[in-house]
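Q: With the sequence up front, the predicted model follows.
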Amino acid sequence: MGIPAYWRTRTQRYALVGEVCHKCGAKIFPPRDVCPECTRPASDPFTFSGRGEVYSFSTIYQPPEGFEEFAPYTVALVKLEEGPLVTAQLTDVDPAEVHIGMPVEMVTRKLREEGEDGQIIYGYKFRPLLRNTLTPRPSGQAA
Ligand SMILES: [Zn+2]
């Protein structure tokens, strides 16, 4: 993907923007301009909450080229609060702790480096939904 395409799809990578159907109210992701529920045209943007739960997942131990630094990593099918299913990589989680039904939220992360010049591609991943019981990291300390 070149620079122009990168910027054209920028919104898609920093928030989950899909569409909403005015006929039946279905939330659509990824945007496809036709409602999968009632087949009516649907093109009004809808920004998803980014929260959902793991619907299914698999852990990758032999990654494709460009993803080596992340291995092993887990790719999950996430069921969004609003209904649609999204495939994305999980982050900030031990693959052994991933389970079906685990609450997750979207975050923006480095996806991969592309080409010989190492252009860094960012995109969305999902991480476990942070719970109040977790001890927050002291402010100012790098992750
Ligand atoms: Zn519809």
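A: Thanks, I have the structure now. Numbers count the residues shown, from 1 in each chain.
Q: got the CA coordinates for stretch 27-34 in CSV?
A: This file holds the C-alpha atoms of stretch 27-34, laid out as CSV (Å, rounded to 0.1, in the frame of the first residue of the first chain):
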residue,chain,number,x,y,z
LYS,A,27,-24.5,-1.6,12.1
ILE,A,28,-22.2,-2.6,9.3
PHE,A,29,-18.4,-3.3,9.3
PRO,A,30,-16.4,-3.2,7.2
PRO,A,31,-18.4,-0.6,5.2
ARG,A,32,-19.9,-2.1,2.1
ASP,A,33,-22.6,0.5,1.2
VAL,A,34,-25.3,-2.3,1.2
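Q: Would you mind checking the average pLDDT for that stretch?
A: Model confidence over stretch 27-34, given as mean pLDDT, is 90.
Q: is the ion contacted by it?
A: No. Using Cβ under 5 Å from the ion, no contact is recorded between stretch 27-34 and the ion, whose separation bottoms out at 8.1 Å. Where you see a C-beta, it was placed from the backbone N, CA and C, and this is true even at glycine.
Q: next one: stretch 36-46
A: Yes. Contact between stretch 36-46 and the ion is present through 37, 38 (criterion: Cβ under 5 Å from the ion).
Q: same check, this time on stretch 72-86
A: No. On the criterion Cβ under 5 Å from the ion, stretch 72-86 is out of touch with the ion, staying 11.7 Å away.
Q: and that stretch, which residues are buried?
A: For stretch 72-86, a neighbour-count test (16 or more other Cβ atoms under 10 Å) marks 73, 74, 76, 78, 79, 80, 82, 84, 86 as buried.
Q: Next up, phi/psi of the first one, please.
A: Torsion angles at residue 73 (phi, psi; degrees, to the nearest 10) stand at phi -140, psi 160.
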